[in-house]
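Peer 1: quick one: sequence plus predicted model below, questions after.
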Amino acid sequence: MTTNDNRPIVCDMTTAPDTPDERVAEYKELFGATLVARERTDTGVRFRLRAEPGVADHVRDLAAREKACCAFFDFTITETAAEVLWDSTVIDDPIARQILDEYYELPVTAAGGPDELYARFADKGLSFVSDDHGVLRPSTTNVGTAPDR
């Protein structure tokens, strides 16, 4: 874990090139197609993915987008001959550590869909902010409801 440097514990997707629903679907697809294992490390969590063509670049892109919206995370991607190792750590903060625990569960929980996933993260204290068709909204307060249009 990184020393708490006052980075906010929030997922701000207002400038993301994808929507929260698209992001969750991307995780589900990536893990379903390439996840070999997941493990806890001394400092965070590690996803071990098959080193198929394009996987490392995909993971780097996804990690960069995740870091852009969730600044309290840090990611390291390492390639071996057989695997892409995606290490994730967070700042030293109790809520951030709970979010990291939920992130570890993502290969399973992403299958439940975006609303269920957002609710799990919100229950741990993570705030989501997204741009829903030009309407800025806190995603976690609208879980399971349609946004005003």
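Peer 2: Received, thanks.
Peer 1: what comes up buried for the helix or strand Ala119 falls within?
Peer 2: If you go by DSSP states H and E, Ala119 is part of helix 114-123. By 16 or more other Cβ atoms under 10 Å, the buried positions in helix 114-123 come out as 114-115, 117-118, 120-122. Every C-beta, even on glycine, is put in place using the N, C-alpha and C of the backbone.
Peer 1: any chance of those in CSV, with distance to Asn6 too?
Peer 2: Compiled in CSV, these are given as follows (distance: Cβ to Cβ, whole Å):
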residue, distance to Asn6
Pro114, 29
Asp115, 30
Leu117, 26
Tyr118, 24
Arg120, 25
Phe121, 20
Ala122, 22
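Peer 1: list just the nearest of these to Arg23.
Peer 2: Checking the buried residues of helix 114-123 against Arg23 by Cβ to Cβ gives Pro114 as the nearest, at 8.3 Å.
Peer 1: so for the helix holding Ala119, mean pLDDT?
Peer 2: Here helix 114-123 scores 82 as its mean pLDDT.
Peer 1: that one: how far from the chain's middle?
Peer 2: Centroid displacement of helix 114-123 relative to its chain, using Cα atoms, centre = their mean, to the nearest Å, is 12 Å.
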